[in-house]
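>>> Below is the structure, and that's it, no one-letter string:
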Ligand SMILES: Nc1ncnc2c1ncn2[C@@H]1O[C@H](COP(=O)(O)OP(=O)(O)O)[C@@H](O)[C@H]1O
Ligand SMILES: [Mg+2]
């Protein structure tokens, strides 16, 4: 990729003859290899020094910023003279090692003033009992807040121009991603950070890439095309096991489906795949939440039809149509209401592209 290089530095040589732990006897040819000593590898974005990443990860702990199934985000004191007081370190647990490593590898290639700067990451493997513990740790700037924290109670005294200005910054980050053939796929107001100057910085590249997949779980704050219309399961229980289409999603245990199981002719299914337009929808959700706060209504719902277990596309459309009307005219001009409505169109192909969104936002900011 243009202007992007990677510097890899092996801090410890990997052990040559790791410990071989036969688990099930030689006939099953199953064995686990564990390094005799810890192995550390640091990968940086261009111009960054590997030692900076190492120092940042071991910097003095200040506070926890958050945690989840993937691991933790900690705020730590930054190495002296780097221009930051603190840095954020996102670290995986062994189970999420691969996904955090993938996120980091994407993150260090991105370079835009409204995208989170991933300075580099460390991959560490240490022996732990009979197995190994693997940690991927990403170093990035520490953020002051998020759009969620700032707008959870609604826009209050924030003017429409100011809201449009913040949305413009977010849109510029998205324009950069889309221009490089990438979809963010997890665009939410809690992933839109604010730095200490109040600028929007889009982060969390855990789902960012050149293609995307369905969500693991039913979630109406995402566009309908990202939500698996699967039957059964914990996340989306439709309770119609006898339906002829229940065979489409296998067991339906997790509610997760892949592209192949989505039959475009089924009620509720969307004909086009998940695309850039899915990010546009999420931008519309963020815009409506900035005006209405955390109680903004979902733009679509999936009220289950008692017989088929699916909602009809027409019902969902009605919900979307009603959305624009809910934005208060005092805070949102006709232009903003129309833009939000267009971003939230049920049909992905009817939504504006990111360049059009940016242009219309710039018209509002004046
Ligand atoms: N650079 C950062 N600065 C401050 N807090 C952060 C930063 N990155 C993430 N966080 C916080 O850490 C938590 C997890 O963030 P994130 O990386 O988005 O993971 P996920 O959304 O998958 O749980 C969230 O509470 C988020 O606000
Ligand atoms: Mg997040």
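On my side now, so go ahead. Keep in mind that this is a model prediction, so the values were computed, not measured. Ligands and ions are numbered 1, 2, ... in the order given.

>>> quick one: low-confidence parts of the stretch 51-200 of the chain?
Nowhere does the stretch 51-200 of the chain drop to pLDDT under 70.

>>> The closest residue to residue 104 other than its chain neighbours and ligand 1: what is the separation?
Leaving aside its chain neighbours, residue 104 sits nearest to residue 121 (3.8 Å; criterion: C-beta to C-beta, 6 or more residues apart in numbering). No exception for glycine: its C-beta is placed from N, CA and C like everyone else's. Distance, residue 121 to ligand 1, using C-beta to the nearest ligand atom, to the nearest Å: 13 Å.

>>> which residues are contacting stretch 358-366?
160-161, 164-165, 167-168, 171-172, 175, 333, 335-336, 339, 352 (C-beta atoms under 8 Å, 6 or more residues apart in numbering).

>>> Export the residues you listed to TSV and append columns for distance to ligand 1 and neighbour count.
Formatted as TSV, those follow (distance: C-beta to the nearest ligand atom, whole Å; neighbours: other C-beta atoms under 10 Å):
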residue	distance to ligand 1	neighbour count
160	26	20
161	26	11
164	24	24
165	22	18
167	19	27
168	21	19
171	20	28
172	19	18
175	21	18
333	31	16
335	31	14
336	26	25
339	26	25
352	26	18
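
>>> three-state assignment of residue 76?
Classification of residue 76 by DSSP: H, G, I helix; E, B strand; the rest coil places it in strand.

>>> what residues are up against it?
Neighbour list for residue 76: 56, 57, 59, 60, 61, 62, 86, 87, 88, 89 [criterion: C-beta under 8 Å, 6+ apart].

>>> residue ranges for the helices of the stretch 151-300 of the chain, please.
Under the criterion DSSP state H, counting those that start in this stretch, the stretch 151-300 of the chain contains helices at 160-179, 276-292.

>>> any idea which of those helices is most buried?
helix 276-292 (a mean of 24; mean count of other C-beta atoms under 10 Å).

>>> Next, the angle helix 160-179 makes with it.
Angle, helix 276-292 to helix 160-179, by axes from the mean of the first three to the mean of the last three C-alpha atoms, to 10 degrees: 160 degrees.

>>> for the helix or strand in which residue 106 is found, packing partners?
Remark: residue 106 resides in helix 97-107, with elements defined by DSSP states H and E. The criterion is 3 or more C-beta pairs under 8 Å, 6 or more residues apart in numbering; DSSP states H and E, and the helices and strands that helix 97-107 contacts are strand 86-92, strand 120-128, strand 131-141.

>>> try 7 Å
Judged by 3 or more C-beta pairs under 7 Å, 6 or more residues apart in numbering; DSSP states H and E, the packing partners of helix 97-107 are strand 131-141.

>>> The strand it packs on close to ligand 1?
Yes - interface with ligand 1: strand 131-141 contributes residue 140 (C-beta under 6 Å from any ligand atom).

>>> and that strand with helix 97-107, angle?
Angle, strand 131-141 to helix 97-107, by the same axes, to 10 degrees: 30 degrees.

>>> ok now strand 131-141, how far from the chain's centre?
Distance of strand 131-141 from its chain centroid, counting by C-alpha atoms, centre = their mean, to the nearest Å, is 18 Å.

>>> Okay, angle between that strand and strand 120-128 too, please.
Counting by the same axes, to 10 degrees, strand 131-141 points 160 degrees away from the direction of strand 120-128.

>>> and strand 131-141 with ligand 2, contact?
No - counting by C-beta under 5 Å from the ion, no contacts exist between strand 131-141 and ligand 2, the nearest distance being 12.4 Å.

>>> oh, and call the first residue 804 from now on, that's how I've got it
In the new numbering, first residue 804, that becomes strand 934-944.

>>> quick one, that strand and strand 889-895 angle?
Following the same axes, to 10 degrees, one obtains 150 degrees for the angle between strand 934-944 and strand 889-895.

>>> So which residues make contact with strand 934-944?
For strand 934-944, the surrounding residues in contact (C-beta atoms under 7 Å, 6 or more residues apart in numbering) are 835, 837-838, 856, 859-860, 887, 890-895, 897, 900, 903-904, 907, 910, 919-929, 998.

>>> Perfect, that will be all.
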